[in-house]
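Trainee: any chance you can model this:
(2 chains)
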Number of protein chains: 2
Amino acid sequence: MADVLRKEQFILPEGVIYLDGNSLGPMPVSVPARVSGVMNEEWAQMLIRGWNQAGWMAMPTEVGDAVGRLIGAPAGSVVMGDTLSIKVYQALAAAVKMRPDRRVILSDTGNFPSDLYIAEGLVGLLGQGYELRKVAPEEVADAIDDSVAVVMLTEVDYRTGRKHEMKPMTEAAHAAGAVMVWDLAHSAGALPVDLAGSNCEFAVGCTYKYLNGGPGAPAFIYVRPDLADQAEPALSGWLGHRAPFDFDLDYAPGKGIERMRVGTPPILQMAALQEAMKVWEGVDMNDLRAASVELQEQFIEEVEKAVPQLTLASPRDAAVRGSQVSFRFEHGYAAMQALIHRGVIGDFRAPDIMRFGFTPLYLDADDVSAAVAIMRDVMENELWDVDAYKVRGRVT
Amino acid sequence: MADVLRKEQFILPEGVIYLDGNSLGPMPVSVPARVSGVMNEEWAQMLIRGWNQAGWMAMPTEVGDAVGRLIGAPAGSVVMGDTLSIKVYQALAAAVKMRPDRRVILSDTGNFPSDLYIAEGLVGLLGQGYELRKVAPEEVADAIDDSVAVVMLTEVDYRTGRKHEMKPMTEAAHAAGAVMVWDLAHSAGALPVDLAGSNCEFAVGCTYKYLNGGPGAPAFIYVRPDLADQAEPALSGWLGHRAPFDFDLDYAPGKGIERMRVGTPPILQMAALQEAMKVWEGVDMNDLRAASVELQEQFIEEVEKAVPQLTLASPRDAAVRGSQVSFRFEHGYAAMQALIHRGVIGDFRAPDIMRFGFTPLYLDADDVSAAVAIMRDVMENELWDVDAYKVRGRVT
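Mentor: Next up, the predicted model:
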């Protein structure tokens, strides 16, 4: 197994052990120079000419290809832009149009709420009996019937790290005649994804987590190549038009994945992300996965020994877990605040989940041990009322 | 009239006269330091904590207030995010829901194509007899009847600069029971806008033109305050939820304009824009307008004298013209390429429009005269075949 550790390519603040790269990845060292270059040499000097001279216009598909390489998507099948919520909307709207005789979008209660909200907004707008149906994650497969137009799932549960199996679930959806939409928010850059092999029609994801694109980095959308020229874009913006600069009065969708572009792309964010993607050069996703599992197993073992107050909320079987480990703790919010004060940064998800992300590009076994030692110290010495786990004054 | 000229606050490349600030504004001097600060001191050092510590989460409404001040929108009525095309979709989707018994979105053939495309996508998704009706700009008022749910117009025509009158047009829409949506892409930062006084329900716009926010800067949406708590968001993303961090499974729209937020905001772009908005401190929009009209009148007069091959495409009456002047010329594309080679940067819009934007923050009368002198020289000496206006080899 090749070593994927490359701490020197990231800015990691002194005194911090960062276990929240599953929420916002740290800044790759080379990003500020790239973004400054875009500002000072491109925007300032080229002005409007930057769209062609600096290649801004091509960035959404170029960066899409770079992301695609990490998730098993062929070149030309992924495009960047907007936010993940917008990309979910695009995928769902195009997907329901592919099954005009069906009315149900099926998802699960472990999905990220924004995906559910976006589906709710879409079915509300469509009316006509459209419906969002939510079942427990383990009940999805059984709930796919011939009323279901679209199955929309997030591969890795944002709270617990529980993992759906993409290929069999997609097969189940297809067997019932449904279209499959995968959200890879906690997968892209976290574990190997074989998007083409899964045979799903659509996938979406964000890039500010494991891909380290920065706060509010652009999202991505994948359309299966054989369908890309058929997908009807609901968000039919001018940069998805076949010939945007002809300024026709009527919309004609662009070729393939280009039609999933909407408006003018955010070039500073696009450049930051493009630069951040260089960190991945030479990383084999299977090596990354092995290193991630190793760090997670070490963390679970050490936490269960040193901090018995916490209860594992993630699957114990690494094979069905993403790249995070979550523990339940009644006073998890306060405990996480105390940990953050001590430089161990994870995060909290209501009602009681303490969440820790494992990112082998910039985390090693020593970091894990150091984090657990601080966790034990916080639980023993900073939560003064042992029974109630009330936290000292400075943490609220 | 107070002088609004402040060239020293912009980077303007040597040898360039920039008449394309209506397409992409130049970079304000202080932007790179601000964006670098967000990268190096906030993202890199605060990591996930930046959302609260650095105030990232509040930026869409804070910057919205700064934009609102320039367009006559009260505090708390404007929010930033996404692209203009997405904001058009949000406004239209919410607007049609306010008139459930009507089926027509009325717009004009002078509207920016993306607005029309987005409306086309929306009516296509809605089905049920929804329709986008396009008439000539001068026929809009007469075309508003009681079948019209929404009138959607861009105040200033992107090609000719022709200006609709917001207040009477909004009154006409309301008299017929329609909802009014204004696109202010070529208005915000270009001329005084009295959004509250117009009484329109929705307005949208972009910030990379006259507001100098940079390539792909976030767009804005305004909802009239008395309606903000009723507007139904079709793009119901998590950051528009009443309590995003409760992670409820059901969507509940946020208070007022907050519900028009969708996904995670692009913080680098947001910071660039916020910094760029500081340029406007102390600028009175009436002074800006007076200076803009003066530059435009000078330009028209000098061009018509020195470059008789061009035909004015913009209204001759400054009162019904935005902050740009367009000329028709059969070989306008080639001529504009030749001009750009000589450092006079305007742009071209098919089929034959040469477009020049006037931005008194960084343009003065000497710039206008110098630009016209170069235009004359190009037309006399670089377009070698006077009859056909074919261009020399280096320009294609």
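Trainee: so which residues of the stretch 51-200 of chain A form helices?
Mentor: Using DSSP state H, counting those that start in this stretch, the helices of the stretch 51-200 of chain A run over residues A:59-70, A:84-97, A:113-126, A:140-143, A:166-175, A:195-198.
Trainee: switch the ones you listed over to a markdown table; also include distance to residue B:47.
Mentor: For every residue, glycine as well, the C-beta is placed using N, CA and C. Converted to a markdown table, these look like this (distance: least, C-beta to C-beta, whole Å):
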| stretch | distance to residue B:47 |
| --- | --- |
| helix A:59-70 | 22 |
| helix A:84-97 | 20 |
| helix A:113-126 | 21 |
| helix A:140-143 | 34 |
| helix A:166-175 | 30 |
| helix A:195-198 | 29 |
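Trainee: quickly compare those helices and say which is most buried.
Mentor: helix A:84-97 (a mean of 27; mean count of other C-beta atoms under 10 Å in any protein chain shown).
Trainee: okay, now stretch A:250-260: how far is its last residue from its first?
Mentor: Taking C-alpha to C-alpha, to the nearest Å, the first and last residues of stretch A:250-260 lie 17 Å apart.
Trainee: list the contacts of it.
Mentor: Residues outside stretch A:250-260 that contact it (C-beta atoms under 8 Å, 6 or more residues apart in numbering or on different chains) are A:61, A:64, A:76-79, A:81, A:87, A:90, A:221-223, A:225, A:228-229, A:231-233, A:236, A:240-243, A:261, B:116-117, B:120-121.
Trainee: cool, stretch A:12-20 as well?
Mentor: By C-beta under 8 Å, 6+ apart, the list of residues contacting stretch A:12-20 from outside reads A:26, A:343-347, A:355-359, A:362-363, A:367, A:370-371, A:374, B:44-45, B:47-48.
Trainee: center of chain A, which residue is that?
Mentor: residue A:185 (1.6 Å; C-alpha atoms, centre = their mean).
Trainee: ok, that one - contacts?
Mentor: Taking C-beta under 8 Å, 6+ apart, we find residue A:185 in contact with A:84, A:112, A:154, A:156, A:158, A:205-206, A:209.
Trainee: one more pass at 10 Å, please.
Mentor: Residue A:185 is in contact with A:22, A:84, A:88, A:112, A:114-115, A:154-156, A:158, A:204-210, A:219, counting by C-beta atoms under 10 Å, 6 or more residues apart in numbering or on different chains.
Trainee: what do you get for residue A:152?
Mentor: A:88, A:91-92, A:95, A:105-108, A:111, A:115-116, A:118-119, A:132, A:173, A:178-183, A:202, A:204.
Trainee: and the residue lying closest to it once chain neighbours are set aside, how far from residue A:155?
Mentor: The shortest distance from residue A:152 to any non-neighbouring residue, by C-beta to C-beta, 6 or more residues apart in numbering or on different chains, is to residue A:181 (4.3 Å). Taking C-beta to C-beta, to the nearest Å as the measure, residue A:181 falls 11 Å from residue A:155.
Trainee: could you find the closest non-adjacent residue to the residue in the stretch 51-200 of chain A positioned nearest to chain B?
Mentor: In the stretch 51-200 of chain A, the residue that lies nearest chain B is residue A:83 (2.7 Å; C-beta to the nearest C-beta). Nearest non-adjacent residue to residue A:83, counting by C-beta to C-beta, 6+ apart: residue B:263, 2.7 Å away.
Trainee: which residues touch the one you found?
Mentor: Taking C-beta under 10 Å, 6+ apart, we find residue B:263 in contact with A:82-89, A:114, A:118, A:206, A:216, A:219, B:81-82, B:235, B:237-240.
Trainee: any idea whether it is helix, strand or coil?
Mentor: coil (DSSP: H, G, I helix; E, B strand; the rest coil).
Trainee: now do the buried residues in stretch A:146-157.
Mentor: A:147-157 (16 or more other C-beta atoms under 10 Å in any protein chain shown).
Trainee: count of residues packed around the residue nearest to residue A:152?
Mentor: Applying other C-beta atoms under 10 Å in any protein chain shown, we find 29 other residues in the vicinity of residue A:181.
Trainee: ok, it touching residue A:151?
Mentor: Yes - the criterion here is C-beta atoms under 10 Å, and residue A:181 meets it with residue A:151 at 7.0 Å.
Trainee: what's the overlap in contacts for the two?
Mentor: In contact with both residue A:181 and residue A:151: A:95, A:105, A:107, A:170, A:173, A:200, using C-beta under 10 Å, 6+ apart.
Trainee: confidence score at the fourth one?
Mentor: We have a pLDDT of 98 for residue A:170.
Trainee: ok, now the third one?
Mentor: What the model reports for residue A:107 is a pLDDT of 98.
Trainee: ok, the first one next?
Mentor: Residue A:95 is assigned a pLDDT of 98 by the prediction.
Trainee: which positions within the longest helix along chain A qualify as buried?
Mentor: As assigned by DSSP state H, the longest helix anywhere in chain A is helix A:285-306. Neighbour counts over helix A:285-306 (16+ other C-beta under 10 Å) mark A:285, A:287-289, A:291-297, A:299-300, A:302-303, A:306 as buried.
Trainee: repeat that for stretch A:239-253.
Mentor: A:239-241, A:244, A:247-248, A:251, A:253.
Trainee: ditto for stretch A:19-26
Mentor: A:19-26.
Trainee: got the domain boundaries for chain A?
Mentor: A:7-28+A:284-381, A:55-280 (automatic domain parsing).
Trainee: so which of those domains comes closest to residue B:193?
Mentor: Among the domains of chain A, domain A:55-280 comes nearest to residue B:193, with 21.1 Å by C-beta to C-beta.
Trainee: and the end-to-end length of the closest one?
Mentor: End-to-end distance of domain A:55-280 (C-alpha to C-alpha): 22 Å.
Trainee: for stretch A:7-15, same thing?
Mentor: Stretch A:7-15: ends 14 Å apart by C-alpha to C-alpha.
Trainee: do stretch A:196-208 as well
Mentor: Stretch A:196-208 has an end-to-end distance of 23 Å (criterion: C-alpha to C-alpha).
Trainee: model confidence over that stretch, on average?
Mentor: Stretch A:196-208 shows a mean pLDDT of 98.
Trainee: go on, stretch A:363-375?
Mentor: pLDDT averaged over stretch A:363-375 gives 98.
Trainee: same question for stretch A:223-236.
Mentor: Averaging pLDDT along stretch A:223-236 gives 97.
Trainee: list the buried residues for that stretch?
Mentor: Buried residues in stretch A:223-236, counted by 16+ other C-beta under 10 Å: A:223-224, A:228, A:231-236.
Trainee: please state the offset of it from the chain centre?
Mentor: Relative to its parent chain, stretch A:223-236 has a centroid offset of 21 Å by C-alpha atoms, centre = their mean, to the nearest Å.
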